[in-house]
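1. sequence and predicted structure are below.
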Amino acid sequence: MKPLTTITLSIYYFLSIGGFAQSSALLPNAVELPKFTTNPVCTATERGRLIYNTTDNKSYYCNGSTWVDMSAGGLALPYSSSNNAANPNNSFAVLNTSSGRAIYGETQSAIGLAGTGVYGNASSTSPSVLNTGVTGYNASTNAFGYGVYGYHDGSGVGVYGVVKGGGTAVKGFASNLFGGTGNGIGVEGISTTNTGVYGRSNSGVGVLGESTNDIGVFAKSTNDNAINAISTNRIGAYIESTNNSSGFAALYVQQYGTDKAAVFNGGDVYMSDNLAVFGTATVENGKGLVRSNNATQLKVVRITATLSGTNLASGSFLEGGTLNYEDFSAVPTVLVGHVNNSTATGDWHKVMVVPINVSATQCQFRITNLSSSSATFNAAWNILVIGAK
């Protein structure tokens, strides 16, 4: 067989600034490209041509406007392209089989949203529920690893979410829709020295926890406040439950230590319904409360009754002096106490006052002269009314 010889091809480039010619050699095992110390002009006329730069020792091809470094994998920056890959196919995929990063994005800009290392955009204005700009997935089957991890070297924010409308800036969702049990935690905040989860809103809710069948917000702290809720103009913490089953409270506080389970400080506590205490209730630094001997809720009314009589004979009595008080659900107990003797006049100390005709709303009094002489008096007796609420 006749040996293959070297064939020299002459390739001529005609540029707008002048023409030049370079030779390209077809060797037995290679093609020798035209050599330049400086890349010539690349226009639409030169699109598809190849050269070799002897200054940086790199091969280039003309894309119609610029010379593209062929050793860089064919992606010239800024790079932009598009295709029509349908799920589950990928438009761009990188696999790293070692311990490094598959894709690394970095920006050195310090200007607002322009300084973004990696930016994902879901541009549909009417997407489905699970349409996402950036999705992080971790295939781990144990308790370690993260789907999305945010990190900040300073005192800023590791993960930051913004919503322009009435949606949710950051949302955690533990569900069995993707397989598994769905018994995990939607959002968990952990801090070794500060706040685990911090929510702030100028007009709405700072932190909203909602659950259909379990706990909306679960807070646990070893050395500090489990929940610290602050509001300038409205409610610091609002808790709501629509559960109708017994044994599940809207607010449940458990103290496993020896200190207080809950402290209300700096204001009044208002309750629009019943309060049940399974233990000892005290007020004003350890003082006890009066309680009923059964489950009936009682109320106590303190009131005064001004009674008078003129020349009430010895051993006789008079009746009247109707006293109205708050409505009770049943007939209460009416007790007569001491006299306001600083304003009392006459022989009030000679008579005995007994409540009669007691009803749920009022009573009258029988006043009996117990002395051996007549009595004239005008005095205000203190009355205590105790009965079912």
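-> Structure's in. What do you need?

2. any idea which element Ala380 lies in?
-> For Ala380, the enclosing helix or strand under DSSP states H and E is strand 375-388.

3. next one: Pro355
-> With elements taken from DSSP H and E, the one containing Pro355 is strand 351-356.

4. surely Phe173 meets Glu210?
-> No - under the criterion of Cβ atoms under 8 Å, Phe173 is not in contact with Glu210, lying 11.1 Å apart. Every residue, glycine included, has its C-beta placed from N, CA and C.

5. next one: stretch 186-201 to chain centre, how far?
-> Between the centre of stretch 186-201 and the centre of its chain there are 9 Å (Cα atoms, centre = their mean, to the nearest Å).

6. oh, I was asking about stretch 129-141
-> Centroid separation for stretch 129-141 versus its chain: 21 Å, with Cα atoms, centre = their mean.

7. between Phe173 and Glu210, which one's more packed in?
-> Phe173 (12 against 8; other Cβ atoms under 10 Å).

8. quick check: pLDDT value at that one.
-> Each residue has a pLDDT score; the one for Phe173 is 73.

9. kindly report the same for Thr304.
-> With respect to pLDDT, Thr304 has a value of 95.

10. let me know the secondary structure of it.
-> Three-state assignment for Thr304 (DSSP: H, G, I helix; E, B strand; the rest coil): strand.

11. do the same with the one 4 residues further on
-> Under three-state DSSP, the three-state class of Ser308 is strand.

12. from what I can see it touches Phe377, true?
-> Yes - the pair formed by Ser308 and Phe377 meets the contact definition of Cβ under 8 Å, at 6.3 Å.

13. neighbour count: those two, which is higher?
-> Residue environment comparison for Ser308 versus Phe377 gives the larger neighbour count to Phe377, 20 against 16, counting by other Cβ under 10 Å.

14. pretty sure the more buried one contacts Met352?
-> No - Phe377 is beyond contact range of Met352, at 11.9 Å (criterion: Cβ under 8 Å).

15. how is this protein divided into domains?
-> The chain breaks down into these structural domains: 7-72, 163-270, 298-388 (assignment by automatic domain parsing).

16. can the ones you listed go into CSV with extra columns for distance to Ser140?
-> Rendered in CSV, the data for the domains of the chain read as follows (distance: least, Cβ to Cβ, whole Å):
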stretch, distance to Ser140
domain 7-72, 34
domain 163-270, 12
domain 298-388, 60
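
17. the helices in this structure, which residues?
-> Using DSSP state H, no helices are assigned anywhere in the chain.

18. where does it have low pLDDT?
-> Residue ranges of the chain with pLDDT under 70: 1-26, 72-76, 112-114, 166, 182, 204, 213, 246-247.

19. where's the residue most central in space within it relative to Gly216, distance?
-> Centrality entry for the chain: nearest residue to the mean C-alpha point is Val207, 2.2 Å, by Cα atoms, centre = their mean. Computed as Cβ to Cβ, to the nearest Å, the Val207 to Gly216 distance reads 10 Å.

20. same question for Asn311.
-> To Gly216, Asn311 is 73 Å away according to Cβ to Cβ.

21. neighbour-wise, which of those two wins?
-> Using other Cβ under 10 Å, the more surrounded residue of Asn311 and Gly216 is Gly216, with 14 against 10.

22. list the residues that contact Glu106.
-> Gly117 (Cβ atoms under 8 Å, 6 or more residues apart in numbering).

23. let me fix that: Ile185
-> For Ile185, the contacting residues are Gly172, Ala174, Phe218, by Cβ under 8 Å, 6+ apart.

24. 7 Å - rerun?
-> The contact partners of Ile185, taken as Cβ atoms under 7 Å, 6 or more residues apart in numbering, are Ala174.

25. what's around the residue nearest to Phe248 when sequence neighbours are not counted, how many residues?
-> Excluding the flanking residues, the one nearest Phe248 by Cβ to Cβ, 6 or more residues apart in numbering is Ser241, at 7.2 Å. Using other Cβ under 10 Å, Ser241 has 12 neighbouring residues.

26. and Ser241, how far from Ser316?
-> Using Cβ to Cβ, we find Ser241 at a distance of 64 Å from Ser316.

27. any idea how far Thr195 is from Ser372?
-> Applying Cβ to Cβ, the value for Ser372 to Thr195 is 80 Å.
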